[in-house]
Every structure is written in structure tokens, then in C-alpha cells.
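# mind looking at a prediction? Sequence and model below.
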Amino acid sequence: QVQLVESGGGMVESGGSLRLSCAASGIIFSSYVMGWYRQAPGKQRELVAGISSGGSSDYADSVKGRFTISRDNAKNTVYLQMNSLKPEDTAVYYCRGARPGVYQYWGQGTQVTVSS
């Protein structure tokens, strides 16, 4: 059974930091493209950051220079370090694991709230 379990969300003041984690089980983690998405109330889910199986990363323009995605294949875990948080970063953050064109799995989401 595949599981992606996010943790690390919470409430923080503007300018603060949070580190999200997503622990995967039931998949060959090292072969999966991993990503963090977010969905704010009334908005569509959007890609925040992605990291390939080889470690290459990409970011949404809105988070470049503030967020860093990383992965630890030995721990089957992907991280999202979020610095200089802004109120507009408030959303539910979801972890996604994918074998492109084959499978994709989603976590249950973790709430991030940034107060001004």
C-alpha cells in the first residue's frame, strides 16, 4: 500500500520559516519524481517545487529564492524548506510522487498559515 505522509505544517508569522516533510512508503522512492503542491481557498492547486529522481529541482516563480526542495532517498523522504514566508503562501501543501506517465500518488496535505 502506497502512503505519502506530510508533516511540519503550522502557523507562522510573516518572515518566518517552516520545513515540511513527506515520508513515502510502498514505492521505490528513488525512482519517483517528487513534488510539493499547494492549494489556497478558492484557488486551483499549483506546483510549488519539484525534484527529479536525479536531484534536479525546479520552482514556481513565486517561491524562487525562498523555498528549497530536497530529497533523502535513504529515508524515502522529500523536504520543503520554506523561508521568508508571506501571507500569500498560506495554503494546504500536498506532496506528490510520480512515475511520469505511469503512476502518481498524493499525500493528505498539511496546512500552512502565515499571519501578517
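In hand now; what should we look at?

# got the buried residues for the helix or strand of the chain with the lowest mean pLDDT?
One helix or strand of the chain scores below all others by mean pLDDT, DSSP states H and E: strand 103-106, with a mean of 95. Under the neighbour-count criterion of 16 or more other C-beta atoms under 10 Å, strand 103-106 has 105-106 buried. Every residue, glycine included, has its C-beta placed from N, CA and C.

# again with stretch 41-61
48-51, 53, 59.

# can you check stretch 5-25 too?
So stretch 5-25, judged by 16+ other C-beta under 10 Å, has buried residues 6, 8-9, 12, 18, 20-24.

# and those, which of them are in strands?
6, 12, 18, 20-24 (DSSP state E).

# now, which of the residues you listed sits nearest residue 115?
residue 12 (7.4 Å; C-beta to C-beta).

# and the pLDDT for that closest one?
We have a pLDDT of 98 for residue 12.

# and which of the buried residues of stretch 41-61 is nearest to residue 74?
residue 53 (14.0 Å).

# residues touching that closest one, list them.
Shown in contact with residue 53 (C-beta atoms under 8 Å, 6 or more residues apart in numbering): 30-33.

# which two from the residues you listed end up farthest apart in space?
The distance between the two most remote of the contacts of residue 53 (C-beta to C-beta) is 10.9 Å, for 30 and 33.
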